[in-house]
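K.L.:
here are the coordinates; sequence isn't available:
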């Protein structure tokens, strides 16, 4: 009997020893890591399996697209040791508590979540990582009538919900599946804020009348109303550079200056200097756009030509009363030069053409050289050609060139020809051709 009991005791001890050894090296039944049942798996196998997933590859769906990531890219750190310790802690219980816990596990379950550390890099990544589903770029339209910009937002951007993605990653640890976290549409209003700021600045430009003063004067001679400014203002927006440009409409400005000329009875000889007026207006517009409340500009009156550019495709106009030369090309006044016309023999008004040209011609009447000579008439009264040329010069006995005074330009001092200042004559000489019409007005 004693022998039988001894055998039974030996068997029981052996079974307990074997059970203890098994429990120490195997996970209890129904032990889950997130979704995966690891019950009865060896602890050595568990360690290897966890190591494989230390930098797990992830597939994450956004709308209809699937993107590839991994832990390292997203700023996620997997604490393998902590996860392993939590999963195997029941195997390390003292005897016989470990056996009791092991057998109780058949009727219960325990779930451990992987020890994932979502670092600061992860949250920065969540803020910066955007997914663009836009089918067209944002647009900025110009309302030419109201003189403002219209912002059209076509952006279709999405970002991850960081907490939702954390849950998806942790819940699917070790699983080859496509994660589908929550996403949020990004409301990027930076473009709209910029355009709204531009519109506020444009409204400031159009706020208040602009008084016009003559140069060196203090009395208002005219004004541009707010509606005048609205019609004069010209705006454009460069989509590629995202820059607004502002200016003045030249056709509208020309129309307004004609109306002002009639209102002020400037007559046929004077007109507003449109280039000066345009630059003054642009300067005021830029000042207002940048926050200044400027409300006046100075205007300048100049003598105007006798034609408007429609006499020929290219021609020279000379006004003797103004002592000015106007060059016209394709309807545009391309240059204005001061001249000196005939004093001893007044330059005769009329319609002429350039008859011949020479780099330097000699006058046997006045014994002077005339650089950049362009004859326009063979005058029978003086029995000589009249022409356009640079201020003449003669050569003294020492071989020195002595030129007519440059202050002659601007008043009559010639024997019938039209003199131009040094440098300007060559410009006209290079521009004009034989046959170019020359119109001279008194």
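P.N.:
Alright, I've got the coordinates. Since the model is a prediction, treat every value here as computed from it, not as a measurement.
K.L.:
who are the neighbours in contact with residue 437?
P.N.:
311, 312, 314, 315, 316, 351, 352, 353 (CB atoms under 8 Å, 6 or more residues apart in numbering). Placement of C-beta: from N, CA and C, glycine included.
K.L.:
Which elements pack onto whichever helix or strand the fifth one is part of?
P.N.:
Secondary structure assignment for residue 316, by DSSP states H and E: strand 314-319. Identification of packing neighbours for strand 314-319 by 3 or more CB pairs under 8 Å, 6 or more residues apart in numbering; DSSP states H and E yields strand 324-329, strand 437-441.
K.L.:
Next, the angle strand 314-319 makes with the last one.
P.N.:
Spelled out, that is strand 437-441. Strand 437-441 runs at 20 degrees relative to strand 314-319, counting by axes from the mean of the first three to the mean of the last three CA atoms, to 10 degrees.
K.L.:
returning to that earlier point: kindly reformat the helices and strands packed on strand 314-319 as CSV and extend each row with mean pLDDT.
P.N.:
Shown next, in CSV, are those (pLDDT from 0 to 100):
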stretch, mean pLDDT
strand 324-329, 96
strand 437-441, 97
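K.L.:
Could you export those to TSV, including columns for distance to residue 399?
P.N.:
Converted to TSV, the helices and strands packed on strand 314-319 look like this (distance: least, CB to CB, whole Å):
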stretch	distance to residue 399
strand 324-329	32
strand 437-441	34
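K.L.:
right, and those - which one's nearest residue 197?
P.N.:
strand 324-329 (42.3 Å; CB to CB).
K.L.:
just how off-centre is the closest one within its chain?
P.N.:
39 Å (CA atoms, centre = their mean, to the nearest Å).
K.L.:
for that strand, which positions count as buried?
P.N.:
324, 325, 326, 327, 328 (16 or more other CB atoms under 10 Å).
K.L.:
who does the helix or strand following it touch, helix- and strand-wise?
P.N.:
Once strand 324-329 ends, the next helix or strand along the chain (criterion: DSSP H and E) is strand 332-340. If contacts are counted by 3+ CB pairs under 8 Å, 6+ apart, strand 332-340 sits against strand 324-329, strand 418-420, helix 424-431.
K.L.:
hmm, try it at 6 Å
P.N.:
Contact here means 3 or more CB pairs under 6 Å, 6 or more residues apart in numbering; DSSP states H and E; on that basis strand 332-340 packs against strand 324-329, strand 418-420.
K.L.:
what is the rounded mean pLDDT of the shortest one?
P.N.:
On average, the pLDDT along strand 418-420 is 97.
K.L.:
just stretch 277-292 next, same as before
P.N.:
pLDDT averaged over stretch 277-292 gives 93.
K.L.:
Tell me which residues of it come out buried.
P.N.:
Buried residues in stretch 277-292, counted by 16+ other CB under 10 Å: 277, 278, 280, 281, 284, 285, 288, 289.
K.L.:
who touches it?
P.N.:
Applying CB atoms under 6 Å, 6 or more residues apart in numbering, the external contacts of stretch 277-292 come out as 201, 204, 205, 246, 248, 253, 294, 297, 299.
K.L.:
Looks to me like the first one is in a helix.
P.N.:
Yes. Under the criterion used here (DSSP: H, G, I helix; E, B strand; the rest coil), residue 201 sits inside a helix.
K.L.:
show me where the stretch 151-300 of the chain has helices.
P.N.:
With helices called from DSSP state H, counting those that start in this stretch, the stretch 151-300 of the chain shows them at 162-171, 190-205, 226-232, 250-263, 274-289.
K.L.:
Show me the contact partners of the third one.
P.N.:
Helix 226-232 is contacted by residues 147, 206, 248, 249, 252 when judged by CB under 6 Å, 6+ apart.
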